[in-house]
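**Student:** structure for the following, please:
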Amino acid sequence: MKIVKHTVVSVSYKLSDTQGNVIEDSDKPMVYLHGGYNGTFPKIEKILEGHETGFSAQIHLEPVDAFGNYDSEQVKIEPREKFPEPLEVGMQFEGIAESVGGDEIDTVIYTVTDLTKDRVILDGNHPLAGMALRFSLTVKDVRDATTAEVEQKRAHDNDGLIVTENNYGLSSVLH
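**Tutor:** Sure, this is the predicted structure:
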């Protein structure tokens, strides 16, 4: 079966930086609903379009094609008393991104990157923002999407569980 709109695609992958340092080597395939549903990066969808199970590719993504450029405006310094204790570097909090002149309000996951006695430094950038990435991937399975998957705009696994994203925003099956 060819990868086309409204197919569910399972892909094994290895993600690395441009120096070959492995960021993630999937033990479970990335599973997504193909056809512009934001289940994976558009450049990956474009390369996979029309291929079948067994297809392999090496894909280079510039930051703009992946997690975006690093935005120093997404770094915030807040008073420590606004946060619960105990507070540690690496903790994450949901917040609202400041909009410049727009009406859209986006929620952002902020990561605590540094702490002082009275301040908390938060970074709303994706951990891989600003990085060029390389994907080595192989298509493991392609099947027609169910009506429910198309309606929900998300792939499900064989047990009907909704597929979600991992730490890097890549699709994986929720167990």
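
**Student:** strands of this structure, start to end?
**Tutor:** Under the criterion DSSP state E, the chain contains strands at 7-17, 22-25, 30-33, 56-61, 75-79, 92-96, 107-115, 119-123, 133-144, 163-165, 171-173.

**Student:** residue 96 versus residue 83, what's the distance?
**Tutor:** 16 Å (C-beta to C-beta, to the nearest Å). In this view, the C-beta of every residue, glycine as well, is placed from N, C-alpha and C.

**Student:** more neighbours: which of those two?
**Tutor:** More neighbours surround residue 83 than the other of residue 83 and residue 96, with 15 against 11 (other C-beta atoms under 10 Å).

**Student:** what's the weakest-modelled helix or strand in this protein?
**Tutor:** Lowest by mean pLDDT, DSSP states H and E among the helices and strands of the chain is strand 171-173, with a mean of 41.

**Student:** residues touching the nearest residue to residue 116 once chain neighbours are set aside, list them.
**Tutor:** For residue 116, ignoring the flanking residues on the chain, the nearest one in space by C-beta to C-beta, 6 or more residues apart in numbering is residue 80 at 7.5 Å. Shown in contact with residue 80 (C-beta atoms under 8 Å, 6 or more residues apart in numbering): 87, 115-120.

**Student:** quick one, which of these are buried?
**Tutor:** Neighbour counting by 16 or more other C-beta atoms under 10 Å classes residue 120 among the contacts of residue 80 as buried.

**Student:** so what pLDDT did the residue lying farthest from the centre of the chain get?
**Tutor:** The C-alpha centroid of the chain is most remote from residue 117, which lies 33.0 Å away (C-alpha atoms, centre = their mean). At residue 117, the pLDDT value in this model is 93.

**Student:** before we move on, the earlier item: format the contacts of residue 80 as TSV; extra columns: distance to residue 148.
**Tutor:** Output for the contacts of residue 80, formatted as TSV (distance: C-beta to C-beta, whole Å):
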residue	distance to residue 148
87	41
115	44
116	49
117	52
118	50
119	47
120	42
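
**Student:** and the contacts of residue 80, which is closest to residue 22?
**Tutor:** Of all those, residue 22 sits closest to residue 115, with 29.5 Å by C-beta to C-beta.

**Student:** got the contact list for that closest one?
**Tutor:** Neighbouring residues of residue 115 by C-beta under 8 Å, 6+ apart: 80, 87-89, 121.
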